[in-house]
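**Q** Sequence plus the predicted model coming up.
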Amino acid sequence: MSLEYAITYKAENTYQEWVHDAYWQFTVVPEENESQQFIAVDFENSLNAKNEFSINGYGFKTIRVHPKDKFKEISFEANFKLIKKEINPFDFEPDTDVSKSYKKIKELDFKIDYEAFLKKTHYTLIPEEKTKLFEFDKEKSVFDNLLALNKYTYNFIQFNAEATDVHTTLSELLKIRQGVCQDFTHLFCALARANSIPARYVSGYLHQGNGYFGDSQMHAWAEAYVPFVGWIGLDPTNDILAGTNHIKVAHGKDYSDCSPLKGVVYTAGKNETAHSVQVSSQDQQ
């Protein structure tokens, strides 16, 4: 059964001194795809500055805001409504010959086609001695290995919202083994890529009603490419496959490609930023 979702995203910024110029880009609009039918979007800011909709380099919608007057406080509120079709993440034919997939990922054309999601980035750069933390069992299918990697990542890191921030690297994470959905996803992507499987970072929303980790802010999970099947969503923070509760906004190589908010602010002094997300749903009649 499809669900109708209502999502509210809020951000409040306060500054010690006057802000004389500022530019923001929000990547918070749900993607329209086979399982997500978009109904409505409403985006406002407290200064009534003009909102400009555009498309980023990966083809996802963004909203840009550039206030014309100086200010010390500004708030943003976005409201979205969409229909999410029920997803069966196991809706594909399993491998009958697992060796075909491992031959495929060694082909030059495959490496070229998925080069962007195979390479190391600032946030997915794992120390060389740690790349063997998880090695695929070639007797098992790629999909079964990805499920095992999902569980491995879930067990390797303890969820702790206070342990890391958006700047945390994998080298730092591997020392403390605590973090949030961003950290789980970066480690999963790094280890999948170390095993020659393309993996991309996904940002979005998680339905709040099921007690999952990462449901009070925007959520992150991964999509890994299974040869002869396609991209499969995996949520290592909760050790589940991405399904009807996951509402995708964007994907990229790592957090920096699809962070919810980017900006440049010209001011002196300190500032504070607060974000909140609410996701509610009801069965569609």
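**A** Alright, I've got the coordinates.

**Q** how close does Glu128 get to His20?
**A** With distances defined as C-beta to C-beta, to the nearest Å, the gap from Glu128 to His20 amounts to 46 Å. All C-beta atoms are positioned from the backbone trio N, CA, C, and that covers glycine.

**Q** who's more crowded, the two?
**A** Taking neighbours as other C-beta atoms under 10 Å, Glu128 and His20 compare with His20 leading, 13 against 8.

**Q** what bits of the protein have low per-residue confidence?
**A** 208-217, 284-285 (pLDDT under 70).

**Q** Now do the helices in it.
**A** Using DSSP state H, the helices of the chain run over 98-104, 108-113, 142-156, 170-176, 181-194, 255-258.

**Q** Pick the most deeply packed of those.
**A** Each of the helices of the chain was given a mean neighbour count from mean count of other C-beta atoms under 10 Å, and the largest, a mean of 27, is that of helix 181-194.

**Q** Against which helices or strands is that one packed?
**A** Where contact means 3 or more C-beta pairs under 8 Å, 6 or more residues apart in numbering; DSSP states H and E, helix 181-194 is packed against helix 142-156, helix 170-176, strand 199-206, strand 219-226, helix 255-258.

**Q** Relative to Ser75, which of the helices of the chain is closest?
**A** For these, the distance to Ser75 is smallest for helix 255-258, at 22.5 Å, taking C-beta to C-beta.

**Q** Dump the closest one to PDB, keeping only the CA atoms.
**A** C-alpha atoms of helix 255-258 as PDB (Å, rounded to 0.1, in the frame of the first residue of the first chain):
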ATOM      1  CA  TYR A 255      28.300  14.000   2.200                       C
ATOM      2  CA  SER A 256      29.800  17.000   0.500                       C
ATOM      3  CA  ASP A 257      27.900  16.300  -2.700                       C
ATOM      4  CA  CYS A 258      24.400  16.400  -1.100                       C
END
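
**Q** How about the residue nearest in space to the middle of the chain, nearest residue that isn't a chain neighbour?
**A** Ranked by distance to the mean C-alpha position of the chain (C-alpha atoms, centre = their mean), the top residue is Ser203 at 2.2 Å. Once its chain neighbours are removed from consideration, Ser203 has its nearest residue in Cys258; the separation is 4.5 Å (C-beta to C-beta, 6 or more residues apart in numbering).

**Q** Name the nearest residue to Asp95, ignoring sequence neighbours.
**A** With sequence-adjacent residues excluded and distances taken as C-beta to C-beta, 6+ apart, Asp95 is closest to Ser141, at 4.4 Å.

**Q** list the contacts for that neighbour?
**A** Applying C-beta atoms under 8 Å, 6 or more residues apart in numbering, we find Ser141 in contact with 94-95, 98, 101.

**Q** That's all I had, so thanks and see you.
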